[in-house]
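Chemist: Show me how the following folds:
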Amino acid sequence: MSEKYLTFTVDGRIYAVSIVNVREIMNNAADITPVPEFPSYARGIIQLRGDVIPIVDLRRLFRLRESDQICVIVLECEKSGELLGLACDSVSAVEDIEPEEIHAPPRLIRGADYIGGITKTDKGIILVIEPEHIVVTGQHI
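Modeler: Now for the predicted structure:
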């Protein structure tokens, strides 16, 4: 049985995250407060209905040129329950992907534990992001 994934773009490339984790999409997140001593890939924090949410800028994380136009996907990590915002260029669509179509990333991809899998569709290669790993494994905020 297929599972649903929210696809989004960063620098023209397609990424996905399980729809189970998606709490909200913010098309214009202008009120991001920078925080001293945050990792370089974190833009800062936002407040959303009483919750303080750290924002990871995927362009920074992937070492790409920054963009002023961002969209934030607010995620809830399944295991920890922590909230996390991913700043991307745009949200694309909700896609059905069969679990057996998602393959483990090559071992050559080290230090990118947040890549949970890779799949190929008619739109090209899609990297599946695991938000829990951004928060938990070596990519702490």
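
Chemist: Which residue ranges of the protein form strands?
Modeler: 3-10, 13-18, 22-26, 42-48, 51-57, 71-76, 83-88, 90-97, 115-121, 124-129 (DSSP state E).

Chemist: Can you check which of those strands gets nearest to Ile32?
Modeler: Ile32 lies closest, by CB to CB, to one member of the strands of the chain: strand 42-48, at 4.4 Å. Every residue, glycine included, has its C-beta placed from N, CA and C.

Chemist: If you count contacts, what does the closest one end up packed against?
Modeler: Under the contact definition 3 or more CB pairs under 8 Å, 6 or more residues apart in numbering; DSSP states H and E, strand 42-48 sits against strand 22-26, strand 51-57, strand 83-88.

Chemist: now, of these, which is deepest in the fold?
Modeler: Sort the helices and strands packed on strand 42-48 by mean neighbour count, taking mean count of other CB atoms under 10 Å, and strand 83-88 sits at the top with a mean of 24.

Chemist: Need the contact partners of it.
Modeler: Outside strand 83-88, the residues that touch it by CB atoms under 8 Å, 6 or more residues apart in numbering are 8-10, 15, 17, 23, 26, 29, 43, 46, 48, 51, 53-59, 70-77, 129, 131, 134-135, 141.
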